[in-house]
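J.: quick one: sequence plus predicted model below, questions after.
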Amino acid sequence: MEVGHAEIGSLTLLTQGAGKTGRKHRRKKTQPGSPTQAKSSEQAARAARPPLSLKAAAWKLPGCYDVRGRIGTGSYGTVREALDKDGGRMVAVKRIHSVFSNKINCKRILREIAILQRLDHPYIVQLHDVIMPQDEERFDELYMVMELGDADLKTLCRQQVHLEELQVKFVLYHLLVGLKYLHSAGIYHRDLKPSNVLVNQDCNVKICDFGLARAVGEELDEDQDEHSDKAVRVMTQHVVTRYYRAPELILLDDYTEAIDLWSVGCIAFELAEMTEPKPAEDRGPLFPGSTCYPLSPDCQHRHDVAFHSSGCKEQLNMIFEVIGTPSERDVKLLREDARKYVCCFQPRLGCGVQPRLPSAAPSLVETIESLLRFNPQERATVEEVLLRPLFAEIRDPGKEVVARGYITLEFDQEPDLSEQQLRQCFKQEIQSFRRAWAVAGGSGCARKPSSCLLGQSWPLRPELPHKRLDWGHHNTFFLPWALGIGLFLLQCLWKSSPWRACGVAAELPCWLVSRLGCSTRTSNDKHKG
């Protein structure tokens, strides 16, 4: 594991890289000094830094990309940061090797490319380019060029950094806004966790890693639950990291987009913990189970239901310790085998989230608990959470946009595609991406400018749009008041001026007084009135 230090003024962050964090797009370093100096010096350092010729020479990229240090390594390949010389910015490049060695993974890669090129939202990582070798018939690797974030939430949560409640609100709000757009496009992420959420110093987030995402589409398949009015899919594979896995996934039950909301609740808890006066080593996931029957059972007791239902580190047991065991009504909604398993657990009420967050505001605790309800039908939706008092201070409905419609992926309708068919699908998706790029007026190596600035610094600094003076939009309101204050000060100076003793009038014109809408009456006016 690579370990580097990012020194920000008086604050030094320990940035953990490579192996453990996986395929994440994070900034690896920033230079010491003030934020302005850090940005300037970092840009100069990045521009002057020589390419890693030995390790990066095998990367077959256009000359406009200057490949730099490794960011992370995942199951599909390696991610490095690179300088896009045409765009003048840093980007993340994911090299995917052995694309066709496993058809399941191959289809996930294809699905991620297809989904990302159809999404367009500021809180979802943007795909800038897809680079494929010239030999379209025999290629076995791809390069995905994407936005580069300052860090991911997993990295942030592990730092000895204290966040203010306002910062937590902004990060959580932006995550929910991005998720609202995603769900409106008919996409379930299915693997939301801190390491899959990039965050910048201005508290903007980027949801990333869509390898396990699925497009529901407008037509419901045979797996639809006829008792639900939502698009439902049956769990067919191992999705979502254990700590952030909703109960319905654990129990192999039908699921909806509510699985992503459960994951957001788990993420929100870890963010809220950063407002507590505790060291970083005492923080951690809310439900850190070590086993999860039946998906990932204890290796010595793979089929022992009694063992898992009594194990203190069993995932469902850890969940029930916090939210309590489900009611009889909720249990009846489960499948028969899931119902039998849940009934094996010792009934309890649950301690709630509050004991772990003693200093958190009630509105924050209530929001987290609304996302962590056993019954997905009672779990808060994105729209309901956005309306909660927690976000009243910062909410901007103009940001809460939705997609034009559901995304459909034609290749997902074919259960068994040959390698040749998959190659053709990749070719079609890349050609479609480039056509859309050309229509949008793209030029150079990347499709659009990245929203991530070079050399941004930590800690998080949320922007307050409702408190910031924007003269470009509000001068019709602020300018008259500023002018009135200036004239009032001039009037005060005039009263003590020798010119006033000479009989020169110092009254403000009546039209100006009425336009300013404020009282500028002199002492003589008061006597007259």
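T.: Thanks, I have it. Numbering: from 1, shown residues only.

J.: do a quick rundown of the helices in the stretch 301-450 of the chain.
T.: For the stretch 301-450 of the chain, the helices defined by DSSP state H, counting those that start in this stretch occupy 305-310, 315-323, 328-332, 336-342, 362-371, 382-386, 419-439.

J.: ignore the last one, the stretch 1-150 of the chain
T.: Counting by DSSP H, counting those that start in this stretch, the helices of the stretch 1-150 of the chain are 35-48, 53-56, 103-118.

J.: what's the helix or strand hosting residue 170 packed up against?
T.: Using DSSP states H and E, residue 170 sits in helix 165-184. Here helix 165-184 touches strand 205-207, helix 258-273, helix 362-371, helix 382-386, going by 3 or more C-beta pairs under 8 Å, 6 or more residues apart in numbering; DSSP states H and E. From N, CA and C alone the C-beta is placed, and that goes for glycine too.

J.: can I assume residue 412 is in contact with residue 215?
T.: Yes. With contact defined as C-beta atoms under 8 Å, residue 412 and residue 215 form a contacting pair (6.5 Å).

J.: where does the stretch 1-150 of the chain have low pLDDT?
T.: 1-57, 74-75 (pLDDT under 70).

J.: can you give me the domain boundaries for the chain?
T.: 3-150+414-439, 473-528 (automatic domain parsing).

J.: what does stretch 348-364 rub up against?
T.: Contact partners of stretch 348-364, identified using C-beta atoms under 8 Å, 6 or more residues apart in numbering, comprise 165, 168-169, 268-269, 272-273, 275-277, 286, 320-325, 365, 368-369, 372, 388-390.

J.: just the strands in the stretch 101-250 of the chain please.
T.: In the stretch 101-250 of the chain, the strands defined using DSSP state E, counting those that start in this stretch lie at 127-131, 142-146, 151-152, 187-188, 197-199, 205-207, 214-215, 233-234.

J.: looking at those, which one is packed in the most?
T.: strand 197-199 (a mean of 28; mean count of other C-beta atoms under 10 Å).

J.: can I get the strands of the stretch 101-250 of the chain in CSV with distance to residue 314?
T.: Putting those into CSV (distance: least, C-beta to C-beta, whole Å) gives the following:
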stretch, distance to residue 314
strand 127-131, 39
strand 142-146, 37
strand 151-152, 28
strand 187-188, 25
strand 197-199, 27
strand 205-207, 29
strand 214-215, 27
strand 233-234, 23
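
J.: out of those strands, which is closest to residue 110?
T.: Checking the strands of the stretch 101-250 of the chain against residue 110 by C-beta to C-beta gives strand 142-146 as the closest, at 9.6 Å.

J.: would you list the strands that the closest one pairs with, along with their directions?
T.: Strand pairing for strand 142-146, using DSSP bridges, gives strand 89-96 (antiparallel), strand 127-131 (antiparallel).

J.: that one to helix 103-118, inter-axis angle?
T.: Put simply, strand 142-146 runs at 40 degrees to helix 103-118, going by axes from the mean of the first three to the mean of the last three C-alpha atoms, to 10 degrees.

J.: for strand 142-146, C-alpha coordinates in CSV please.
T.: Extracted C-alpha coordinates of strand 142-146, given in CSV (Å, rounded to 0.1, in the frame of the first residue of the first chain):
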residue,chain,number,x,y,z
LEU,A,142,-9.7,-0.5,-22.9
TYR,A,143,-9.0,2.9,-21.4
MET,A,144,-11.7,4.9,-19.7
VAL,A,145,-10.9,8.6,-19.1
MET,A,146,-12.9,10.2,-16.3
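
J.: what's in contact with it?
T.: By C-beta under 8 Å, 6+ apart, strand 142-146 touches 25, 59-61, 65, 82, 84, 91-96, 99, 109, 112-113, 116, 125-132, 208, 426, 445-446.

J.: could you check the angle it makes with helix 419-439?
T.: Using the same axes, to 10 degrees: strand 142-146 against helix 419-439 is 30 degrees.

J.: let's have the strands paired with strand 142-146 in TSV, adding distance to residue 360.
T.: Shown next, in TSV, are those (distance: least, C-beta to C-beta, whole Å):
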stretch	distance to residue 360
strand 89-96	33
strand 127-131	36
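
J.: of these, which is nearest residue 243?
T.: strand 89-96 (24.1 Å).

J.: circling back to that earlier point, and of the strands of the stretch 101-250 of the chain, who's closest to residue 258?
T.: strand 187-188 (9.5 Å).

J.: residues touching the closest one, excluding its own?
T.: 115, 119, 210, 213-216, 233, 256-257, 259-260, 407.

J.: give me the mean pLDDT for that strand.
T.: Averaged across strand 187-188, the pLDDT comes to 96.

J.: same check on stretch 367-377?
T.: Per-residue scores along stretch 367-377 average to 98.

J.: send the alpha carbons of that stretch over as PDB?
T.: Extracted C-alpha coordinates of stretch 367-377, given in PDB (Å, rounded to 0.1, in the frame of the first residue of the first chain):
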ATOM      1  CA  THR A 367     -32.800  11.500   8.700                       C
ATOM      2  CA  ILE A 368     -30.300   8.700   9.100                       C
ATOM      3  CA  GLU A 369     -32.900   6.500  10.900                       C
ATOM      4  CA  SER A 370     -35.500   7.200   8.200                       C
ATOM      5  CA  LEU A 371     -33.100   5.600   5.700                       C
ATOM      6  CA  LEU A 372     -32.400   2.600   7.800                       C
ATOM      7  CA  ARG A 373     -35.800   1.000   8.100                       C
ATOM      8  CA  PHE A 374     -36.100  -2.700   7.600                       C
ATOM      9  CA  ASN A 375     -39.200  -2.600   5.300                       C
ATOM     10  CA  PRO A 376     -38.100  -0.900   2.000                       C
ATOM     11  CA  GLN A 377     -41.600   0.300   1.500                       C
END
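
J.: ok, residues contacting that stretch?
T.: With C-beta under 8 Å, 6+ apart, stretch 367-377 has contacts from 172, 246-248, 255-256, 258-259, 261-262, 264-266, 268-269, 272, 286, 319, 322-323, 326, 330, 333, 352-353, 357, 379-380, 384-385, 388, 390.

J.: surely residue 326 meets residue 343?
T.: No. Counting by C-beta under 8 Å, residue 326 sits too far from residue 343 to count as a contact (9.9 Å).

J.: who has more neighbours, these two?
T.: Ranked by neighbour count (other C-beta atoms under 10 Å), residue 326 and residue 343 place residue 326 first, with 22 against 14.
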